[in-house]
Structures are given as C-alpha cells and as structure tokens.
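Colleague: just coords:
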C-alpha cells in the first residue's frame, strides 16, 4: 500500500505539489491525470525517490521514502520500477541485453538472467525480437522492451510516466492491455501518469485529478464519470450543444448496471411525453460501458420528468443553455 499524507514539493520559490493526500491499495491500477504542469510527473518521482519533498509523508509498504539512505534507496528501487515516455535503450545492445542489464548490474548469474529474460520476453510478446537492436523495433515494441526491463527485479509497484503518449491509438491500446494483463497475472500495483482521459478510461480503477499542484478530485473512475463533479467537467471541457426553441435540457447518465438505456422509451410511454434527443455518447470504462443522453423536454413537464427519474434511481442533472453557455 502507498499512503501519501500532506505532501509538499517545491523548486525554489515555486510550489509544485501542495497538501497531497491519497491512498493507493496493493494491486490497483491507479491514474494520475491533469494538464501539463499539474505536478503529475513530480508526484511520481517523489514516490520512487527521484525527487525529495519538503514536508509530508510517502509510505510505501510502511517505508518512509524520504528517510532512506543511499543503500536503502537502491534496494527500494528494486521494488518500485519505472517506465518512461521515451525509453533510454542501449542502442548498441540487443533486446536481450537491454532487458538483462539491471540483473547484470546486481550480479545475477547467467542462468538466472537467461531464464528471467526469456520469461519476460514471452510475457510482453517480444520473444522473436531478442537478438534485434533497438533501431530495428517499432515504438510499441521498444515500449514492450521497456516494460520487460522494468519487471526484471520483480517489483511490487510499476510507475508509468506518459508511457503511451508518443504512440498511435492502436499501439496505445495494445500497451494498455499488456499492462492490465501484467497487473492481473503478477498482482503488481501500477500507477499511470497521463494527460489523456482515454487512458484512464481504458485501464484505471481509480484516478486522482491534479491541477496546479493540488489534488482537486479523486475516486473510482466509473463513479466520477457518473457523478461528474465540477472539477472533472472543467478538466474534460464539456461540448456545447445548440438547441432550437424553448424547453429544459436534461442529461441522463447510463450504465450497464441499471435500466437507464431503456429509460427514454419507458419514460415516454409511461408519462405520455415526447422528447428531443440533443446528444448522446457511450464509452467503455475497463469492463463497463458508461454514457449519457441529453434530451430536451417542454417546460411544463419538468417536475413530472424529475419525479420519474428520481423514482427510477437514475443519475441525471439539468443541462441548461443560455446564449450558448452552460448555466
């Protein structure tokens, strides 16, 4: 478990992290999301000891990171490994040698290294690339080498710093699926730093949104989407929809866990009310499909529709527009 309490980090007069409090449980895939400069990568580097912090606490398996001496930090980083956006591969070495490098630095014997490298190559899907050089690999293949190398010392925690942001969408999905497979097979806790909400939706169970070094919202990904706190809506930047005439706009949240996908036909039939669909969207969140409908209904039906939605225990909110802006 990783527990962060009252964390503060500054570079000179510039405070980049302030009063960060969060808990990451063993085996979770946890996302840190925010715009550039939000403090995501700095927080990640504090967790693995690459950056010192002025005050507060980071406990990783009950070990306070800032209290580790040089030897303790070296051992600590065996259990907390990291992959980066641009992986610094040893260009003159083969894929095999790149994966084996950390184990050779620690003095492992050849047979142990050989067994581990081949196991990891199979795990990440690059068994046929072991004798190739980095320049012969695609970006996605290089990232698979990076992941294999990060796993050589059998870490408990894997940190990913924008590891997919330089990849095309198809390759990104394959790398995210690989990380999820690794999480499920090995039980490794994975913390992903990204500015892409699509990455969070695809793989993360929980997420923390950072803004200007402060934690603004945190929780399970699906719950945050369904409840749509203001901080998340601001980060996502909601689309504005033009509507004709008068009426009330209502956003209805849909999920696989209820009958919300049938709600329009049921509501129209039972209330004898007509609706206009303004917009709709359905997306996958890990193993769930979540989405929303925005409908327009005449003002005179407002209270009737509100009572009905509340009675059906459907998540909804008014989506009012005035002069092209949400109210």
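Modeller: Structure received. No experiment lies behind these values; they were computed from the predicted model shown.

Colleague: Residue 142: helix or strand, and which one exactly?
Modeller: Using DSSP states H and E, residue 142 maps to helix 139-150.

Colleague: buried residues in that helix?
Modeller: If you call a residue buried by 16 or more other CB atoms under 10 Å, then helix 139-150 has these buried ones: 140, 141, 142, 143, 144, 145, 146, 147, 148, 149, 150. No exception for glycine: its C-beta is placed from N, CA and C like everyone else's.

Colleague: got it, and stretch 67-85?
Modeller: Within stretch 67-85, the residues that count as buried by 16+ other CB under 10 Å are 68, 76, 77, 80, 81, 82, 83, 85.

Colleague: can I assume the first one is in contact with residue 49?
Modeller: By that I understand residue 68. Yes - with contact defined as CB atoms under 8 Å, residue 68 counts as touching residue 49 (6.5 Å).

Colleague: between these two, what contacts are shared?
Modeller: Taking CB atoms under 8 Å, 6 or more residues apart in numbering as the criterion, residue 68 and residue 49 both touch residue 76.

Colleague: Look at residue 307 and say how many residues are nearby.
Modeller: Neighbourhood size, residue 307 [other CB atoms under 10 Å]: 11.

Colleague: Revised request: answer the last question for residue 229.
Modeller: Using other CB under 10 Å: residue 229 sits among 15 other residues.

Colleague: For the residue lying closest to it once chain neighbours are set aside, name its beta-bridge partners.
Modeller: What sits nearest to residue 229 in space, not counting adjacent residues and going by CB to CB, 6 or more residues apart in numbering, is residue 217, at 5.2 Å. Counting by DSSP bridges, residue 217 is bridged to residue 209.

Colleague: quick one: residue 217 and residue 233, what's the gap?
Modeller: 10 Å (CB to CB, to the nearest Å).

Colleague: of those two, who's got more company?
Modeller: Remark: of residue 217 and residue 233, residue 217 carries more neighbours, 18 against 11, as counted by other CB under 10 Å.

Colleague: For the more buried one, which residues are in contact?
Modeller: Residue 217 sits next to 208, 209, 224, 229, 231, 232 when contact means CB under 8 Å, 6+ apart.

Colleague: could you pull out the helices for the protein?
Modeller: Under the criterion DSSP state H, the chain contains helices at 40-47, 70-79, 95-105, 110-124, 139-150, 169-186, 197-203, 221-227, 230-236, 263-271, 302-311.

Colleague: count of neighbours near residue 14?
Modeller: Residues lying near residue 14 (other CB under 10 Å) number 8.

Colleague: And it, how close does it get to residue 63?
Modeller: 28 Å.

Colleague: What about the contacts of residue 217, which one has the most neighbours?
Modeller: When neighbours are taken as other CB under 10 Å, the top entry among these is residue 209 (26 neighbours).

Colleague: Sketch out the low-pLDDT regions of the stretch 201-327 of the chain for me.
Modeller: 237-245, 257-261, 320-327 (pLDDT under 70).

Colleague: ok, 50 please
Modeller: The model of the stretch 201-327 of the chain has pLDDT under 50 over residues 322-327.

Colleague: So residue 54 sits against residue 12, correct?
Modeller: No - Residue 54 sits out of contact with residue 12 when judged by CB under 8 Å, with a separation of 11.1 Å.

Colleague: who has more neighbours, the two?
Modeller: Just comparing residue 54 and residue 12: by other CB under 10 Å the higher neighbour count belongs to residue 54, 12 against 5.

Colleague: ok, the more buried one - contacts?
Modeller: Shown in contact with residue 54 (CB under 8 Å, 6+ apart): 8, 9, 10.
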